[in-house]
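Colleague: I would like the atomic coordinates for the input below:
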Amino acid sequence: MENIEDRTNTENFKSPSLLRNIMFLFGVDTDKNSRISSSKTAKLCSAYQRFMSVLWIIYFLHFVAITFLYEIRSPVADFRESISRKFGDAIAFLLWLTLKSRCQRISDILNDILHLGSSLNVAFKQISDKIGALVAVGVPLTIWVSVFVELEERECKSVLTYFSFNYSYVSEGYNCKIAWIAMLSYQFATYTLRTCLAVLYVILCFHYNKLLHKLSKIPYKVSDISVHSSIRYHFLTYESIIKALKSFENTMSLPIFLIEIGDCISMFYCFVKMDPFHQSEEKWFLKSYTVSGQLLALRAVLSFLCVSLAASRVYEACKNAKDVQEEMMKKLIASDEEHKKEFLLLLVTHNSPPFTLSAWGFFYFDRGLILTAIGSILTYSLLILQLDTK
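Modeller: Coordinates of the predicted model:
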């Protein structure tokens, strides 16, 4: 950061490396510019990223073909249901495409927050990185197991036929083995990257929250000789944190918007499909996917709540910092000594509104958003159920 001098112990503050490695495996390389371009490692990483780009394009083309050539043309498939069910695939590809174009900006965000952490002696807890990596890998694995735990050979054949455009090319007795591998790849592609980014977003929000609280707890005495330098340090550090938050907002707001919209659609779809009156005998997969549907709904709810609560904590921390600045101004006014410059610095900082993170500007993260969003989803879901039963 420009306004905070570099500390010599920066190397003791490490970013969430496991989450960054998972993002690298799925085609988002945030360490690209840190490697020597002529080195063998850099060339191998670049080749791997190009390979992953090809796989993501194939994934998207397969999604388009399945949706528009099979789902929509099928006489038994409902268009609204197909779009809602396949929405997660579109989110996964758009999220990769968005992150691919923001790799350097994500790397800059992590470097900025490390410099801020070294200045205020606030380091990342590596346990959060390990838990986040476990969640990012565990979510698609859990969904995959829940899908195939009760499937029989005939049902596995139907899954393979669906994904291969009604072509059956697997010998009898091997359908489930091939389907397990295919669906494992599909679940990882659909959920790992979005879960990893959501976890990273939550970790960074909590870290910004810790930075603001640490700054607010630094004691200041008006009678102290160093009051000018102390207030100036508070002003510069607070402005540096806000500058980092603005960069964080500009980079992550669109990806988080995609994740939150995907979570809302998933909650809506799963809530409607878990209605027992809409599980017909002809659609066997609705009955077989009851457990996975519940897990998908739970994943969406937890993802939405964790992201929203973590982002709202940044807003609360900014409000707390404003309260501390107000108390400092009151002490300056009540003191016998003149501190005009210090007062003006605090006044300029305090007059700006508390910083609020958003999802691409469509909605802003505060605690009031959570009940509003979930209430709206439940209301529209119940409305759809009422319309369908009439």
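Colleague: from here on, just use CA atoms for contacts and neighbour counts.
Modeller: OK.
Colleague: poorly predicted segments of the protein, please.
Modeller: 1-13, 36, 72-80, 150, 221-225, 275-289, 336-337, 384-390 (pLDDT under 70).
Colleague: longest single helix anywhere in it?
Modeller: When the chain is parsed with DSSP state H, its longest helix is helix 227-273.
Colleague: now do the same for Phe165: helix, strand or coil?
Modeller: Following DSSP: H, G, I helix; E, B strand; the rest coil, we place Phe165 in the coil state.
Colleague: then the one 5 residues further on?
Modeller: Three states are possible here, and by three-state DSSP the one that applies to Val170 is coil.
Colleague: what ranges does the chain have for its strands?
Modeller: Assigned by DSSP state E, the chain shows no strands.
Colleague: which non-adjacent residue is nearest the residue nearest to the spatial centre of it?
Modeller: The C-alpha lying nearest the average C-alpha coordinate of the chain belongs to Ala198 (C-alpha atoms, centre = their mean; 2.1 Å). Excluding the flanking residues, the one nearest Ala198 by C-alpha to C-alpha, 6 or more residues apart in numbering is Val307, at 6.7 Å.
Colleague: surely the one you found meets Tyr201?
Modeller: Yes. If you go by C-alpha atoms under 8 Å, Val307 and Tyr201 touch, sitting 7.2 Å apart.
Colleague: the residue nearest to the centre of the chain and Thr190, how far apart?
Modeller: Going from Ala198 to Thr190 by C-alpha to C-alpha, to the nearest Å gives 13 Å.
Colleague: now Gln126: closest residue in space that isn't a chain neighbour?
Modeller: Closest to Gln126 by C-alpha to C-alpha, 6+ apart is Pro16, at 7.0 Å.
Colleague: and the one you found, how far from Ser128?
Modeller: From Pro16 over to Ser128 (counting by C-alpha to C-alpha), the distance is 8 Å.
Colleague: how about Ser15, phi and psi?
Modeller: With angles defined as degrees, to the nearest 10, Ser15 sits at phi -80, psi 170.
Colleague: list the contacts for Ile109?
Modeller: Ile109 makes contact with 244, 247-248, according to C-alpha atoms under 8 Å, 6 or more residues apart in numbering.
Colleague: how about those in CSV, adding neighbour count and distance to Trp360?
Modeller: Listed next are those as CSV, based on neighbours: other C-alpha atoms under 10 Å; distance: C-alpha to C-alpha, whole Å:
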residue, neighbour count, distance to Trp360
Ala244, 20, 17
Ser247, 17, 13
Phe248, 22, 12
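Colleague: between those, which sits nearest Ser84?
Modeller: Phe248 (29.9 Å; C-alpha to C-alpha).
Colleague: any idea how far the residue nearest to the closest one when sequence neighbours are not counted lies from Ser15?
Modeller: Nearest non-adjacent residue to Phe248, counting by C-alpha to C-alpha, 6+ apart: Ile109, 6.3 Å away. From Ile109 across to Ser15, the span is 10 Å (C-alpha to C-alpha).
Colleague: how many residues are close by the closest residue in space to Arg35 that isn't next to it in sequence?
Modeller: Nearest residue to Arg35, sequence neighbours excluded (C-alpha to C-alpha, 6+ apart): Ala42, at 6.0 Å. Ala42 is flanked by 17 other residues according to other C-alpha atoms under 10 Å.
Colleague: same check on Ser335?
Modeller: When neighbours are defined as other C-alpha under 10 Å, Ser335 has 12 of them.
Colleague: please renumber so the chain begins at 30
Modeller: Renumbered: residue one is now 30, and that last one reads Ser364.
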